[in-house]
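K.L.:
Provided below are the primary sequence and the corresponding predicted coordinates.
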Amino acid sequence: MAEIKYTATGRRKTSVAQIKVVPGSGKITVNSKPVDTYFPREVLRMIIRQPLELVGATGKHDISIKVTGGGLSGQAGAVRHGISRALTKMDADLRGKLKKEGFLTRDPREKERQKYGLAGARKRFQFSKR
């Protein structure tokens, strides 16, 4: 009998995370590396584990993650979004809890483009009267 595998995609900023969840011992791998190696900061690992702790699924599933684009913070947000979506596919009853915490909402904030005649997206060059 084949193992039951749940897949989902999470996004944040310019990062995209592809998540595969299978029943197991709680091992999380990111781009074929352990999560502690890939995400060195504890805050980022905490962000990833939030949906699992919320629904009480810590240590019950092996999670394989492939993440591309953006920086570590955006990638951690994308992983959290993807894990939340995979958990809802697994058990539809968890949707309410995850939605209430905002884990199923894709964070729409993107980097604003730089405009011509300005120093950045909004910053202006110093004004000189004379």
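P.N.:
Done, it's in. Residues are numbered from 1 along each chain as shown.
K.L.:
who does whichever strand or helix holds residue 11 pair up with?
P.N.:
For residue 11, the element it lies in under DSSP states H and E is strand 6-12. Partner strands for strand 6-12, per DSSP bridges, with pairing direction: strand 15-23 (antiparallel).
K.L.:
The protein: strands as residue ranges?
P.N.:
Ranges of strands within the chain are 6-12, 15-23, 28-30, 33-34, 61-68, based on DSSP state E.
K.L.:
looking at the ones you listed, which is closest to residue 83?
P.N.:
Relative to residue 83, the nearest member of the strands of the chain by Cβ to Cβ is strand 15-23, separated by 5.7 Å. Using the backbone N, CA and C atoms, a C-beta is placed for each residue, glycine as well.
K.L.:
isn't residue 107 right up against residue 77?
P.N.:
Yes. Using Cβ atoms under 8 Å as the test, residue 107 is close enough to residue 77 to be in contact (6.3 Å).
K.L.:
Next, show the common contact partners of the two.
P.N.:
Among the neighbours of residue 107, those also in contact with residue 77 (Cβ atoms under 8 Å, 6 or more residues apart in numbering) are 12-13.
K.L.:
who has more neighbours, those two?
P.N.:
Of the pair residue 107 and residue 77, residue 77 is the one with more neighbours under other Cβ atoms under 10 Å, namely 22 against 14.
K.L.:
How many residues are close by the nearest residue to the more buried one once chain neighbours are set aside?
P.N.:
Leaving out its chain neighbours, the residue that sits closest to residue 77 by Cβ to Cβ, 6 or more residues apart in numbering is residue 12, at 3.4 Å. Here the number of neighbours of residue 12 (other Cβ under 10 Å) works out to 24.
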